[in-house]
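Trainee: Let's see this in three dimensions:
(2 chains, ligands or ions: 1)
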Amino acid sequence: MKAGIVSYGGYVPRYRILPKEIGAVWGVDGEAMGKGLNIRAKSVPGPDEDVITMSVEAARAALKKAPHLDPKDIGAIYVGSESHPYAVKPSATIVAEAIEAAPIMTAADYEFACKAGTAAMQSTMGLTLSDMYRYGLAIGADTSQGAPGDALEYSASAGAAAFVIGKDHLIASIDQTISYTTDTPDFWRREGQAYPSHGGRFTGEPAYFKHVVSCANLLFKRAGTRPEDYDFAVFHQPNGKFPVRVGKMLGFTDKQMDTGLLVREIGNTYSGAIMVGLCAILDIAKPGNRIFAVGYGSGAGSDGFDITVTGGLEEIDRKAGRTMRSMVEDVKFLDYATYAKYRRKIRMREG
Amino acid sequence: MAIPRFWREIPSRYNLVGSKCGNCGTLDFPPRLVCPRCGRRSMGKMERRKLAGRGTVVSYTIIHDAPKDFDMMKPYVLAIVEMEEGLRMTSQVIDVELGDIKIGMPVEVAFRKLGEEGEAGVIHYGYKFRPAR
Ligand SMILES: [Zn+2]
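Mentor: Numbering: from 1, shown residues only, chains lettered A, B, ... in the order given. Okay, here's the model as predicted:
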């Protein structure tokens, strides 16, 4: 018996800011910065949006596609994020109430930099396979911020994705999953700090590339597959360059990677990144398609998934609600001042 | 707003749960304990009824002088929305340009932050509307 995806939903806010606009404020050639990162724009949450609202939107989108799904059959909700609105008070409790899955269920928030959402997918897989409950809801969502003027400011964006995981009514089976984890201090944020710190160039080779490549090779071995066996490949996308380079290193083509590479249009959605990419793939996939997915979270670790789309994908209503493509294309550009106001980078008077 | 009051209103604020009178069938949102038409005859007959979350803008205004929780968003659209079920609600319409809002525009429910009790306080969430897509 396999576990897999029962439904999926993604959410991207409609506000965007261009690298050029950010660079102009800090005396940097933002356009060149954007080209270097392979990011054309990044998404920005509205002033009334946060990880909880985006998680609810993504979870509701997943439920809307699969009307056969009774939220009361969801026995666990885990929300993975590094930007939970509360330090203490789980985002998952509010999501549970907002999709009417509460109260007979378990909930918790996860944190593992950019891979907290895939960690939630793995937990819900294990718990549904052990029959602790019928379905689990795994969410990855972030409204991450880079320090003003820092390189991260050009990529840190906002987005969310939700996957209902179970054993019946699968739209895609997760045939294999494997992780690779080490203690690597490439990126961190201490309690109480508004912005994260990172190890600059150290974030590349010993961090992202080592973990993604190691995890991908373990996944190939366990699945007994090669790159050409897959229709789609998606990797964590902190920028538009790393996933393309790692994909090429592993033997994937641009064509396999194109659909899931949303980072070019919306930036790095952190815990949401690989999951919104997966949503974009499921929006257009056909039964029988195979998907290779390897996420990455600083700190550091990778979660890999070998996924096969089933006939069930045609049983759900993929047209209910908005597609990832339509959300990516529905944009309103902000100037830096409005962006700074929305992201609360402007200090206001108390009260 | 006091935490207990907001907490009690979670089902209606998150999920548009209203009430239906078992005597005359009238829908109310926010939910009522007693039907204003039937009074005592509705006692014990009031049911929970969740609205589908789809409606149409029947009137709107642009808010330039906003209350504190909405100050970041001004100017913004406040609309009276007639729900599919026939009753009317007043709420902010988000994700719409001020020039694009129109009477007759179909809208759908969205989940957003409604406000917070300062930087250290509780955050309130609930419904707003956005153009239906
Ligand atoms: Zn009545």
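
Trainee: only C-alpha atoms for contact and neighbour calcs from this point on.
Mentor: Will do.

Trainee: Identify the residue nearest the geometric centre of chain A.
Mentor: In chain A, the C-alpha nearest the mean C-alpha coordinate belongs to A:Gly272, at 1.8 Å (C-alpha atoms, centre = their mean).

Trainee: pretty sure that one belongs to a helix, no?
Mentor: Yes: assessed with DSSP: H, G, I helix; E, B strand; the rest coil, A:Gly272 lies in a helix.

Trainee: Might one say that it is in contact with A:Ser144?
Mentor: No: if you go by C-alpha atoms under 8 Å, A:Gly272 and A:Ser144 don't touch, sitting 10.4 Å apart.

Trainee: give me the residue from the stretch 151-300 of chain A nearest chain B.
Mentor: Nearest residue of the stretch 151-300 of chain A to chain B (C-alpha to the nearest C-alpha) works out as A:Gly192 at 12.7 Å.

Trainee: and if you look at the stretch 1-150 of chain A?
Mentor: A:Asp48 (4.7 Å).

Trainee: Can you name the residues of chain B that neighbour the ion?
Mentor: B:21, B:23-24, B:35, B:38 (C-alpha under 5 Å from the ion).

Trainee: Narrow the residues you listed to those that are buried.
Mentor: Using 16 or more other C-alpha atoms under 10 Å in any protein chain shown as the burial test, the residues of chain B next to the ion include B:21, B:23, B:35 as buried.

Trainee: measure the last one to B:Arg41 for me?
Mentor: Counting by C-alpha to C-alpha, to the nearest Å, the separation of B:Cys35 from B:Arg41 is 8 Å.

Trainee: Below-threshold pLDDT in chain B: ranges please.
Mentor: Counting by pLDDT under 70, chain B contains low-confidence residues at B:1.

Trainee: Would you state the helices of it in chain order?
Mentor: With DSSP state H as the criterion, chain B has helices at B:3-8, B:10-15.

Trainee: Against which helices or strands is the first one packed?
Mentor: Contacts defined by 3 or more C-alpha pairs under 8 Å, 6 or more residues apart in numbering or on different chains; DSSP states H and E place helix B:3-8 against no helix or strand at all.

Trainee: Mind listing what's buried along it?
Mentor: When burial is assessed from 16+ other C-alpha under 10 Å, helix B:3-8 yields no buried residues.

Trainee: now it: how far from the chain's centre is it?
Mentor: 16 Å (C-alpha atoms, centre = their mean, to the nearest Å).

Trainee: And for it, what's in contact with it?
Mentor: Identification of contacts with helix B:3-8 by C-alpha atoms under 8 Å, 6 or more residues apart in numbering or on different chains yields B:122, B:124.

Trainee: pull the longest strand from chain A.
Mentor: strand A:172-184 (DSSP state E).

Trainee: For stretch A:187-205, list the C-alpha coordinates in CSV.
Mentor: Only the C-alpha atoms of stretch A:187-205 are listed here, as CSV (Å, rounded to 0.1, in the frame of the first residue of the first chain):
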residue,chain,number,x,y,z
PHE,A,187,21.7,30.2,6.9
TRP,A,188,20.0,30.9,10.2
ARG,A,189,18.0,33.3,12.2
ARG,A,190,18.3,33.7,15.9
GLU,A,191,15.2,34.1,18.1
GLY,A,192,14.1,37.7,18.2
GLN,A,193,16.0,38.7,15.1
ALA,A,194,13.9,40.3,12.3
TYR,A,195,16.2,39.2,9.5
PRO,A,196,18.2,36.0,8.8
SER,A,197,21.9,35.7,8.4
HIS,A,198,23.7,33.6,5.9
GLY,A,199,27.1,32.4,5.0
GLY,A,200,27.4,34.1,1.7
ARG,A,201,29.1,31.9,-0.9
PHE,A,202,29.1,29.1,1.7
THR,A,203,25.3,28.7,0.9
GLY,A,204,26.3,27.1,-2.5
GLU,A,205,28.6,24.1,-2.8
